[in-house]
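Q: okay, predicted coordinates and the sequence, questions at the end:
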Amino acid sequence: MTRYIRKTALRSPHEKIERHMTWLEIFFDLIMAVMVIQLSDKLSSDISIKGVVLCAALFIPTMWVWVSYTIFAARFDNNDVIHWVMTFIIMFAGVIMAIQIPTALESGANGFAIGFLISQICLLILYSRAFFSKSAPRPMLYLYMVGFGLATFCWFISLFMTVEKFWFWALGMFIYLVTPWIGRKNILSKVPLNPIYIPERFGAFTMIIIGQLIASIVFGLEVANWHFNAVFTSLMGFILAALIWGQYYHFIQTADYTCSLGSGQPYIYHHIPLIISMIIMGACVQELIKNSTLVQGNVYDVFCFAITLYLLSFYSLHYLTISDRKLPTVSYVIAMSCILFIFFAYHFLPAFLMLGVVIIFTGLMIANHLNRVKI
């Protein structure tokens with residue numbers, strides 16, 4: 001082996017030098033930011049329960065591209081030329097997916113599937129390199145190669161289908177998501193993930209989503225022409241984004257990943273509804289800013305669903321990773337009850353609605369601080 005091509009060896013989660021994200025991975029995250037913006041734009045054109053379901057259906061394979069690569073890098077990143085080339089190809093596949101997102105469930109379905117297939121074939125190639133390493137855990141490699149290979153084949157078959165293609169997408173994603181759970185206790189638990197690197201990567205990804213929320217405020221205010229109600233709604237939206245950042249930041253600082261991360265599946269999968277909820281919140285805030293003098297019942301319903309989903313997801317993530325601390329259950333129950341009240345008791349204008357949401361989130365943080373629980 002040369003200095004440009006190295007063996008793909010298993011990396012220990014307890015390396016002497018503290019593991020952090022690389023510049024290549026930061027570059028990779030920029031592609032994900034583009035894909036998230038495309039998803040948010042698609043949702044903004046149809047803020048309804050149907051629009052949310054369709055957005056979630058596209059978000060799951062989109063996030064899987066990032067998750068599957070990140071989990072591989074956590075265990076096998078050797079920073080050689082082949083790894084870099086495969087990473088750039090996966091990034092280009094992400095670009096293809098982003099281009100096709102607006103029509104991914106219509107005429108652009110095959111283009112979206114091709115982008116996804118390219119990313120997953122590259123991932124399989126990367127995992128196949130690990131077979132040449134004596135230290136690589138063979139049971140884990142067999143699990144991933146068989147499970148992910150079968151799921152990738154489902155997506156390949158979908159290219160030749162019409163309406164049925166989406167059933168093959170769903171089947172493929174089901175296999176992708178279930179495969180790690182099948183070997184979680186007997187196989188993956190023997191190769192735990194790095195308790196510093198993984199939370200840092202997911203924290204960076206979550207910051208991208210919060211950035212999308214800020215971008216939604218900008219886009220909404222640009223259309224609203226700086227009307228007072230729009231400006232006030234934008235201000236409340238920014239404060240809400242800051243509060244969400246504060247919650248997640250303190251959660252990252254408090255969680256005991258050494259005891260709770262393990263093979264990573266519960267931690268990883270809890271982020272899916274959390275991040276979906278923030279994307280929906282961003283689209284809703286943008287719409288509320290654009291029409292800040294109108295009461296929009298359908299947008300309110302979706303916004304209420306997104307906030308409730310966020311609170312439930314964040315609470316469950318908190319419960320999963322901070323087991324040795326008293327959980328602020330009552331605070332979350334009161335917060336969700338107040339959210340339901342302000343959304344359904346009376347149809348406030350967007351500015352007052354956003355003010356109520358900000359007050360509830362602020363009260364939640366204060367209540368948890370008083371309970372001496374950092375979240």
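A: Received, thanks.

Q: now name the helix or strand holding residue 284.
A: Element membership for residue 284 (DSSP states H and E) is helix 265-290.

Q: and that helix, how far from the chain's centre?
A: The chain centroid and the centroid of helix 265-290 are separated by 8 Å under C-alpha atoms, centre = their mean, to the nearest Å.

Q: for that helix, buried residues please.
A: Across helix 265-290, burial judged by 16 or more other C-beta atoms under 10 Å covers 265-268, 270-290. The way it works is simple: take the backbone N, C-alpha and C, and place the C-beta from them, glycine included.

Q: quick one: residue 179 from residue 208, how far?
A: 26 Å (C-beta to C-beta, to the nearest Å).

Q: same question, residue 217
A: To residue 208, residue 217 is 15 Å away according to C-beta to C-beta.

Q: look at those two and report which has more neighbours.
A: Using other C-beta atoms under 10 Å, the more surrounded residue of residue 217 and residue 208 is residue 217, with 22 against 19.

Q: work out for me the element the spatially closest residue to the more buried one that is not a sequence neighbour sits within.
A: Spatial nearest neighbour of residue 217, chain neighbours left out: residue 237 (4.6 Å); criterion: C-beta to C-beta, 6 or more residues apart in numbering. Assigned by DSSP H and E, residue 237 falls within helix 228-254.

Q: counting by contacts, list what that helix packs against.
A: helix 197-224, helix 265-290, helix 297-321, helix 350-370 (3 or more C-beta pairs under 8 Å, 6 or more residues apart in numbering; DSSP states H and E).

Q: which one of those lies closest to residue 117?
A: Of all the helices and strands packed on helix 228-254, helix 265-290 sits nearest to residue 117, with 21.1 Å by C-beta to C-beta.

Q: got the angle for the closest one vs helix 197-224?
A: Per axes from the mean of the first three to the mean of the last three C-alpha atoms, to 10 degrees, the angle that helix 265-290 makes with helix 197-224 is 10 degrees.

Q: tell me the buried residues in whichever helix or strand residue 32 is part of?
A: Per DSSP H and E: residue 32 is located in helix 23-44. Judged by neighbour count using 16+ other C-beta under 10 Å, the buried positions of helix 23-44 are 24-25, 28-29, 31-40, 42-44.

Q: gap between the most centrally placed residue in the chain and residue 307?
A: Nearest to the geometric centre of the chain sits residue 275, at 4.4 Å (C-alpha atoms, centre = their mean). Remark: distance between residue 275 and residue 307 (C-beta to C-beta) = 14 Å.

Q: circling back: packing partners for the helix holding residue 32?
A: Contact here means 3+ C-beta pairs under 8 Å, 6+ apart; on that basis helix 23-44 packs against helix 49-76, helix 81-100, helix 197-224, helix 265-290.

Q: between the ones you listed, which gets nearest to residue 159?
A: Between residue 159 and the helices and strands packed on helix 23-44, the tightest spacing by C-beta to C-beta is seen for helix 81-100, at 13.0 Å.

Q: list the contacts of the residue nearest to residue 232 when sequence neighbours are not counted.
A: Counting by C-beta to C-beta, 6+ apart, residue 232 lies nearest to residue 351, which is 4.6 Å off, once chain neighbours are set aside. By C-beta atoms under 8 Å, 6 or more residues apart in numbering, the residues touching residue 351 are 229, 232-233, 236, 292.

Q: could you redo the last one with a cut-off of 6 Å?
A: Counting by C-beta atoms under 6 Å, 6 or more residues apart in numbering, residue 351 touches 229, 232-233.

Q: what's the pLDDT at it?
A: Reported pLDDT at residue 351 in the predicted model: 85.

Q: and it, how far is that from residue 102?
A: Note on residue 351: its distance to residue 102, by C-beta to C-beta, is 31 Å.
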